[in-house]
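1. I would like to see how this sequence folds:
(chains A and B)
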There are 2 protein chains.
Amino acid sequence: MKVSELGEFGLIDLLNKTIARSRRPSPAWKRLLIGIGDDAAAWEIIGPVQLATTDTMVQDVHFSLATTDFTDLGWKALATNVSDIAAMGGQPEYALVTLALPGDTQSEDMVALYKGMMKMANHCGVALVGGDIVRAPQLVITITVLGSAAKEGLLTRSAARPGDKIAVTNYLGNSAGGLRMLQTGLELDRRTTALLKQAHLRPMPRVEEGKLLVSHGVRAAIDISDGLVADLGHICEMSGVAAIIHLEQLPIHPVLKKAFPEEHVGMALSGGEDYELLFTAPSKVMEKVQHAAPCPITVIGEIGRGKHGKVTVLDAGGNAISLKEKGWDHFAACS
Amino acid sequence: MKVSELGEFGLIDLLNKTIARSRRPSPAWKRLLIGIGDDAAAWEIIGPVQLATTDTMVQDVHFSLATTDFTDLGWKALATNVSDIAAMGGQPEYALVTLALPGDTQSEDMVALYKGMMKMANHCGVALVGGDIVRAPQLVITITVLGSAAKEGLLTRSAARPGDKIAVTNYLGNSAGGLRMLQTGLELDRRTTALLKQAHLRPMPRVEEGKLLVSHGVRAAIDISDGLVADLGHICEMSGVAAIIHLEQLPIHPVLKKAFPEEHVGMALSGGEDYELLFTAPSKVMEKVQHAAPCPITVIGEIGRGKHGKVTVLDAGGNAISLKEKGWDHFAACS
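-> Residues are numbered from 1 along each chain as shown, chains lettered A, B, ... in the order given. Below you'll find the predicted structure:
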C-alpha cells in the first residue's frame, strides 16, 4: 500500500509493530522510559559520557535502489552511524530514525527497511526509540545514534602523535569491489560475490574492536567511510601531524586482488565505505592490540612531523605515488 | 559562493566559524568534551534521564523560501525540536544539525540559517555540537535535540486522567494567522503584523513553562504543532480517554480576532505550529500552575471517559460543532 493511502500515523503504527516484533532484549531497551509516540524519547542515563552522531543517506546520492534492496539499505543506514560510535570507542545504545519520503512509497518497502535496521540494531544492542516521518520528493534517511563511553577512554581524531604506528582492522577495498560488481553487473564466483557484495551492502561496524582499542590504550581513531587516504588525512589535520602509508603493507583480501588485478590498490586507498577502524598508537600499544584482537590488525604506516594533514603513500621501492582520488566530498563529487 | 564551489569541508568550516562567533556560554557548552569534527560529539552526562527528539523540515513541504528567510528558518527549525523537549518538562542541551542541500545553494544563506539557529540555541542554552551535510535535490533540515530531565517528573502524552482540566499556555491561532498573512500578502497594522508573523516565523518554545508544570505536579502534556484538536487527540489516544473543549474559553488574542473575524476560531482549533504547551491536570494542580506561571494559562476543557481519542468541541450553547480540519497529516495533506 502507498504511504499516501496509509497516512503518516498509519505508517508510524506499522513501523512500530515491525520494531516490536523484531526487537531483542538489550540493556538499552531495559533502560528505556518513553519510546516512540511521545514528544521525545527518554531513558535512564548510565554515563559518564554521552556520544551522539548523525548520518544521512539520500536516494541517488548515497544509494541507488537499482543496486540495493530496502533490507540491506536499512542495515547500512544504521551501521554507518553505529560505526561512528565504534570509532569513538563507545557502546551504541539508542537510535532515532527520520524518513523523508515520497507519497507513492510502498509501505511494504518501509517495513523491509525497518527489518534491516532491526537486524543491525539487535546485533549491536541498539534500541530504536523515535524519529520523524515527513513527505519529500525523494527518499532521505537520517539516523542519529546515541551511545555511552568512559570519560578517559575516548578515541578521537586529534590524538595521533609523531612516532605512532598506523593500523587498520580487517581488509580494505572490499566495499568498493562490491559496489563495482553491483554497478557493472560483473559476475564472479560465489565466494567472491558473497564477500564483496556483503562488504558493500552490509558493512559490519567494529564496536567490540573499538572498545578493545580503548582498553589497550589506543587514543586516536576514525572509521573509514570516505576512504583510507581521506580519513587518515582527517586524523592528520585534527592532530597537526603527517602520515606515511606503505602500499605493500595494505591488507587487501586475496579475493579482491584476484577479482580486480588492476584496481584493488586504488579501491583499498580511496574506495571508502569499508567502515573498518583506522587508528594510531605507539608500537608497544600496537603490539598488545594485535595480540588481543579477534580480527586481523595490520600496521600500514606511521605518523610523522611533516606538513599538517599530509598523507604520503610509498610504493615497495620507497617512491611516493600520486593520489588522484583522495576520497569522497559530497559537493566536489557533483560539481 | 555556491556550496558546490566551496566543497563539503569548506562549508563545514564556514558554519563552524559561525557557531564559534555567535555562541554564548552555557552549562551545556561547559560539559562538552568533543564537538564538531570528530566521528561523534561527546559530553559529560548529568542525568538522571536523557531526552532525545528529532524533527525534519523539507523545502516546499514544511516551509517556503517565498515566505521565510534563512535566519527565521534556522530559528524555527531548532525551536520546533526544543519545543518537544519542553513538552517533556526537560532542559534542552545539545543539538545535531543535518543539512541535505542542492549544490547551487549559496553558502551565505547557510550562514544566515546557522545565525538564526544560534539565536534560538543561545536563548535556550543549547550547544550545537555536530551533524552531517549532504547533497540533495532540495533543502532538508533535520535536527536532533538532546536534553535532560528528572526521572519522576516527565510530562507524557499518556498521563491524562478523567476529571483532569485541560489548559494551554498563552494564545492559540496566532501562527496560523501569521502564515495566512505571509501567504496572501495581506497587510495589516504594524502591531498585528509583528505579533502574528513573529508567532509563525519565530515561535518561542515554552522551556521554562514546561519545567514549571513538572514542579507543580503536572504529568500530561504535548506541544501544539499539528493543531489543538489533533494534538489533544494524541493525548487522548495515548491516555485512553476523551476530551471536551469549550469554544468560548479558547485563548484567542484580540488582535487575531480583529484581523480574522471569520476565521480565528478555526485557526485556534486546527491551525497548528503554535508551539504552546497543552496539558492536563486535576483542578487543584491547575490552580497552582495558574498562580505560579509567568504567562497566561487558560483552562479550555476537561478530560472524560468517552470514546478513547475523541475530542468534542462545544459552542457557547453547549452544542458539539463539526470539525473538518483536524490537523496536519504529512501524507493525507498531499494525497
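2. Surely A:Leu146 and A:Val49 touch.
-> No - A:Leu146 lies out of contact with A:Val49 (Cβ atoms under 8 Å); the separation is 11.1 Å. For glycine as for every other residue, the C-beta is placed from the backbone atoms N, C-alpha and C.
3. Those two: who's more crowded?
-> Each of A:Leu146 and A:Val49 has its neighbours counted (other Cβ atoms under 10 Å in any protein chain shown); A:Leu146 has more, 30 against 21.
4. pLDDT score for that one?
-> A:Leu146 is assigned 97 on the pLDDT scale.
5. Nearest residue to it in space, please, no chain neighbours.
-> Leaving aside its sequence neighbours, A:Leu146 sits nearest to A:Tyr94 (Cβ to Cβ, 6 or more residues apart in numbering or on different chains; 4.5 Å).
6. doesn't A:Ala41 make contact with the one you found?
-> Yes - contact criterion Cβ under 8 Å: A:Tyr94 and A:Ala41 qualify, at 6.9 Å.
7. Now do the helices in chain A.
-> Taking DSSP state H as the criterion, chain A carries its helices at A:3-6, A:8-22, A:27-31, A:70-86, A:107-124, A:174-184, A:190-201, A:207-215, A:228-239, A:254-259, A:264-270, A:283-292.
8. Please list all residues in contact with A:Cys234.
-> Rather than Cys, residue A:234 is His. When contacts are counted by Cβ atoms under 8 Å, 6 or more residues apart in numbering or on different chains, A:His234 touches A:Arg157, A:Ile222, A:Asp226.
9. right, and the first one touches B:Asp39 too?
-> Yes - in terms of Cβ under 8 Å, A:Arg157 counts as a neighbour of B:Asp39; the distance is 7.1 Å.
10. Looking at those two, which is more packed in?
-> Using other Cβ under 10 Å as the criterion, A:Arg157 and B:Asp39 rank with B:Asp39 on top: 30 against 22.
11. Grab the nearest non-local neighbour of the residue most central in space within chain A.
-> Geometric centre of chain A, nearest residue: A:Thr80, 3.3 Å, by Cα atoms, centre = their mean. Excluding the flanking residues, the one nearest A:Thr80 by Cβ to Cβ, 6+ apart is A:Asp55, at 5.0 Å.
12. which ones are touching A:Gly153?
-> Counted by Cβ under 8 Å, 6+ apart, A:Gly153 has contacts A:Gly89, A:Val214, A:Ser215.
13. can we see that at 6 Å?
-> A:Gly153 sits next to A:Gly89, A:Val214 when contact means Cβ atoms under 6 Å, 6 or more residues apart in numbering or on different chains.
14. next one: A:Glu209
-> Contacts for A:Glu209 (Cβ under 6 Å, 6+ apart) come out as A:Thr169, A:Leu277.
15. From A:Ala150, how far out is it?
-> Going from A:Glu209 to A:Ala150 by Cβ to Cβ, to the nearest Å gives 16 Å.
16. where does chain A have low pLDDT?
-> A:324-335 (pLDDT under 70).
17. try it again with 50
-> A:332-335 (pLDDT under 50).
18. quick revisit: neighbour count for A:Tyr94 and A:Ala41, which is higher?
-> Comparing A:Tyr94 with A:Ala41 by other Cβ under 10 Å, the one with more neighbours is A:Ala41, at 28 against 25.
19. Okay, and the beta partners of that one?
-> On DSSP bridges, the residues paired with A:Ala41 through beta bridges are B:Ala52.
20. hmm, back to that, can you list the helices of chain A in TSV and add distance to B:Ile85?
-> TSV is the format used below for those (distance: least, Cβ to Cβ, whole Å):
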stretch	distance to B:Ile85
helix A:3-6	28
helix A:8-22	20
helix A:27-31	19
helix A:70-86	21
helix A:107-124	24
helix A:174-184	37
helix A:190-201	36
helix A:207-215	28
helix A:228-239	31
helix A:254-259	47
helix A:264-270	41
helix A:283-292	40
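21. looking at the ones you listed, which is buried most?
-> helix A:70-86 (a mean of 26; mean count of other Cβ atoms under 10 Å in any protein chain shown).
22. What distance do you get for the closest residue to A:Val145 other than its chain neighbours to A:His246?
-> Nearest non-adjacent residue to A:Val145, counting by Cβ to Cβ, 6+ apart: A:Asn81, 4.0 Å away. Distance from A:Asn81 to A:His246, counting by Cβ to Cβ: 32 Å.
23. And for A:Val207?
-> Relative to A:His246, and taking Cβ to Cβ, A:Val207 is found at 28 Å.
24. same thing with A:His253?
-> From A:His253 to A:His246 the distance is 18 Å (Cβ to Cβ).
25. Looking at the two, which one has more neighbours?
-> Higher neighbour count among A:His253 and A:His246: A:His253, with 21 against 17, using other Cβ under 10 Å.
26. Pretty sure that one sits against A:Tyr171.
-> Yes - here A:His253 reaches A:Tyr171: they are 4.4 Å apart, a contact under Cβ atoms under 6 Å.
27. Near chain B, which residues of the stretch 51-200 of chain A are found?
-> Proximity of the stretch 51-200 of chain A to chain B, by Cβ under 6 Å from any Cβ of the partner chain, involves residues A:51-56, A:58, A:61, A:84-85, A:87-88, A:96, A:98, A:100, A:103, A:131-132, A:134-136, A:140, A:142, A:144, A:154, A:156-157.
28. run the last query once more with 7 Å
-> Residues of the stretch 51-200 of chain A lying close to chain B by Cβ under 7 Å from any Cβ of the partner chain are A:51-56, A:58, A:61, A:84-85, A:87-88, A:94, A:96, A:98, A:100, A:103, A:130-138, A:140, A:142, A:144, A:146, A:149, A:151, A:154, A:156-157.
29. Which residues are in contact with each of A:Tyr94 and A:Ala41?
-> Here A:Tyr94 and A:Ala41 have A:Val129, B:Ala52 as joint contacts, going by Cβ atoms under 7 Å, 6 or more residues apart in numbering or on different chains.
30. Please determine how far the residue lying closest to A:Leu11 once chain neighbours are set aside is located from B:Asp13.
-> Closest residue to A:Leu11 apart from its sequence neighbours, by Cβ to Cβ, 6+ apart: A:Val3 at 5.1 Å. Distance of A:Val3 to B:Asp13, computed by Cβ to Cβ: 38 Å.
31. Same question for A:Ile143.
-> A:Ile143 is 24 Å from B:Asp13, by Cβ to Cβ.
32. next one: A:Pro294
-> Separation of A:Pro294 from B:Asp13 (Cβ to Cβ): 38 Å.
33. same thing with A:Pro162?
-> 25 Å.
34. residues making contact with stretch A:108-117?
-> Stretch A:108-117 is contacted from outside by A:3, A:11, A:14-15, A:18-19, A:22, A:70-75, A:77-78, A:97, A:99, A:128, using Cβ under 7 Å, 6+ apart.
35. at 6 Å what do you get?
-> With contact meaning Cβ under 6 Å, 6+ apart, stretch A:108-117 is reached by A:Leu15, A:Thr18, A:Phe70, A:Thr71, A:Leu73, A:Gly74, A:Trp75, A:Leu78.
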